[in-house]
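J.: sequence and predicted structure are below.
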Amino acid sequence: MGLLDKFKKGLNVTRTRLSRSIQSAFRNNKEWTEDDYEELEQALIECDLGVQYTMQLMDDIRNRYQQGLIKTADDIIKVVQDDVHQMMATDAKPMKWRSDGPCIILMVGVNGCGKTTTTGKLGYKLKQEGKTVMFAACDTFRAAATEQLQLWGERVGCDVIAGKHGSDPSAVAFDACKAAVSRNVDVLLIDTAGRQHTKVGLMNELEKLHKSINKACPGAPHE
């Protein structure tokens, strides 16, 4: 099973789990109780929707039920779909595209949050929009991360700048920025190692990475 197939399977599992939780708690022809709402709230959070969005959804669902606008579990699923779509559209921010050089995007996050996969998907989307894209494999501590990004590069049709396992990620980022400029690339996506904000050494390394990128391309990273 390929990476994209695994991702689609994961989404199907999440969607099925949420749907079953809603169908179980909000059966037709019964009055909805506080216990039902708490079960729905837990299901939404467990599906990684986030606390803020979950609270907004819960308020919306409560208000609609009290007004008699929704009555069934299917109604709730429709409300969740519509609200999430509206929230994502509202929060979307335009990219800072540049006319005098590549737009450099630095991917940062905790371990296992999906930076490498998101880098690949974002690269694919940008390629579909007609932009030239390059990847930089700066997660040099996990060998599989470089291999994974190189696989994405092959699938998407993007060059990948990578170093040896255990090499200095700042040096790889610097070389990638210089390469992006010389090749007139529209977007450079820099993948990085996962790090906790409580780990001082890793945060210092991130600061060094940021400085190297800015040295190679003043004003970068742009996103």
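T.: Happy to help now that I have it.
J.: neighbours of Gly120, how many?
T.: Applying other Cβ atoms under 10 Å, we find 25 residues neighbouring Gly120. Where you see a C-beta, it was placed from the backbone N, CA and C, and this is true even at glycine.
J.: now do the contacts for it.
T.: Counting by Cβ atoms under 8 Å, 6 or more residues apart in numbering, Gly120 touches Leu3, Phe135, Gln148, Leu149, Trp152, Arg155, Val156.
J.: list the buried ones in the helix or strand where it lies?
T.: Gly120 is part of helix 115-128 when elements are defined by DSSP states H and E. Using 16 or more other Cβ atoms under 10 Å as the burial criterion, the residues of helix 115-128 that qualify are Lys115, Thr116, Thr117, Thr119, Gly120, Lys121, Leu122, Gly123, Tyr124, Leu126, Lys127.
J.: circling back: inside strands: which ones of the contacts of Gly120?
T.: Secondary structure assignment (DSSP state E) places Phe135 from the contacts of Gly120 within strands.
J.: let's have the contacts of Gly120 in a markdown table, adding neighbour count, pLDDT and distance to Val84.
T.: A markdown table is the format used below for those (neighbours: other Cβ atoms under 10 Å; pLDDT from 0 to 100; distance: Cβ to Cβ, whole Å):
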| residue | neighbour count | pLDDT | distance to Val84 |
| --- | --- | --- | --- |
| Leu3 | 15 | 46 | 24 |
| Phe135 | 28 | 98 | 29 |
| Gln148 | 19 | 93 | 28 |
| Leu149 | 27 | 94 | 29 |
| Trp152 | 25 | 94 | 26 |
| Arg155 | 14 | 93 | 28 |
| Val156 | 20 | 93 | 27 |
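J.: turn the contacts of Gly120 into a markdown table, columns for distance to Val181.
T.: Putting those into a markdown table (distance: Cβ to Cβ, whole Å) gives the following:
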| residue | distance to Val181 |
| --- | --- |
| Leu3 | 29 |
| Phe135 | 15 |
| Gln148 | 25 |
| Leu149 | 20 |
| Trp152 | 22 |
| Arg155 | 25 |
| Val156 | 20 |
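J.: now the helix or strand containing Asp82 - C-alpha only, CSV.
T.: Under the assignment given by DSSP H and E, the secondary-structure element containing Asp82 is helix 73-91. The C-alpha trace of helix 73-91 is given here as CSV (Å, rounded to 0.1, in the frame of the first residue of the first chain):
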residue,chain,number,x,y,z
ALA,A,73,-28.0,12.0,13.6
ASP,A,74,-27.8,12.6,9.9
ASP,A,75,-28.6,16.3,10.5
ILE,A,76,-25.7,16.5,12.9
ILE,A,77,-23.3,15.0,10.4
LYS,A,78,-24.5,17.6,7.8
VAL,A,79,-23.9,20.4,10.3
VAL,A,80,-20.4,19.1,11.1
GLN,A,81,-19.5,18.9,7.4
ASP,A,82,-20.9,22.4,6.6
ASP,A,83,-19.3,24.1,9.7
VAL,A,84,-15.9,22.5,9.2
HIS,A,85,-15.9,23.6,5.5
GLN,A,86,-16.8,27.1,6.5
MET,A,87,-14.2,27.3,9.3
MET,A,88,-11.4,26.2,7.0
ALA,A,89,-12.4,28.6,4.3
THR,A,90,-12.6,31.5,6.8
ASP,A,91,-9.2,30.7,8.3
